[in-house]
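In: sequence and predicted model, in that order:
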Amino acid sequence: MAELIGNPNGTFQDRVQKLEPTDLAVPETWNPIHQALITNDVILHGRVVALEDQVGGTSGGGLNQRVGNLEAVVRNQGGGSNPEWVVLPVGTDRWAP
């Protein structure tokens with residue numbers, strides 16, 4: 001079976017042809033619409049991967065790992081085992097020392 005393959009170098013399209021009741025139900029009618037949608041998917045996937053790479057950065061690891069590292073640093077400020085601040089439960093409007 002033949003396949004339609006998205007083109008990562010294609011142009012993102014924000015619209016496709018609307019089918020009308022008078023349109024023929026043949027591949028020549030449907031394939032261009034499917035091709036545009038598949039190419040959009042490939043382009044959007046490429047953009048997501050690029051953003052994930054930016055968030056991961058070169059400092060090692062993805063966003064979750066970087067947040068975990070930051071939390072560890074905050075917990076261990078000053079070399080002690082107690083953080084210098086505590087977040088109060090949701091619904092409170094202040095920080096506690």
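Out: All right, it came through fine.
In: drop to CA atoms for contacts and neighbour counts, all remaining ones
Out: OK.
In: flag the shaky bits of the chain, pLDDT-wise.
Out: For the chain, the stretches with pLDDT under 70 are 56-62, 76-97.
In: what is the burial count for Val48?
Out: As a burial measure, Val48 scores 12 neighbours (other C-alpha atoms under 10 Å).
In: swap that for Asn40, please
Out: Neighbour number of Asn40 under other C-alpha under 10 Å is 20.
In: name the nearest residue to Asp23, sequence neighbours excluded.
Out: The spatial neighbour of Asp23 that comes closest, neighbours along the chain excluded (C-alpha to C-alpha, 6 or more residues apart in numbering), is Thr29 at 7.2 Å.
In: any idea which element that neighbour lies in?
Out: According to DSSP states H and E, Thr29 maps onto helix 27-56.
In: elements contacting that helix?
Out: For helix 27-56, the packing partners by 3 or more C-alpha pairs under 8 Å, 6 or more residues apart in numbering; DSSP states H and E come out as helix 63-75.
In: spatially central residue in the chain, please.
Out: A centroid search over the chain (C-alpha atoms, centre = their mean) returns Val48, at 4.5 Å, as the residue closest to the centre.
In: count of residues packed around the residue nearest to Asp23?
Out: Using other C-alpha under 10 Å, Thr29 has 13 neighbouring residues.
In: could you do the one 10 residues further on as well?
Out: A total of 21 residues lie near Thr39 under the criterion other C-alpha under 10 Å.
In: which non-adjacent residue is nearest it?
Out: Nearest residue to Thr39 in three dimensions, chain neighbours excluded: Gly6, at 3.9 Å (C-alpha to C-alpha, 6+ apart).
In: and the one you found, helix, strand or coil?
Out: Classification of Gly6 using DSSP: H, G, I helix; E, B strand; the rest coil returns coil.
In: who are the neighbours in contact with it?
Out: By C-alpha atoms under 8 Å, 6 or more residues apart in numbering, the contact set of Gly6 is Gln35, Ala36, Ile38, Thr39, Asn40, Asp41, Val42.
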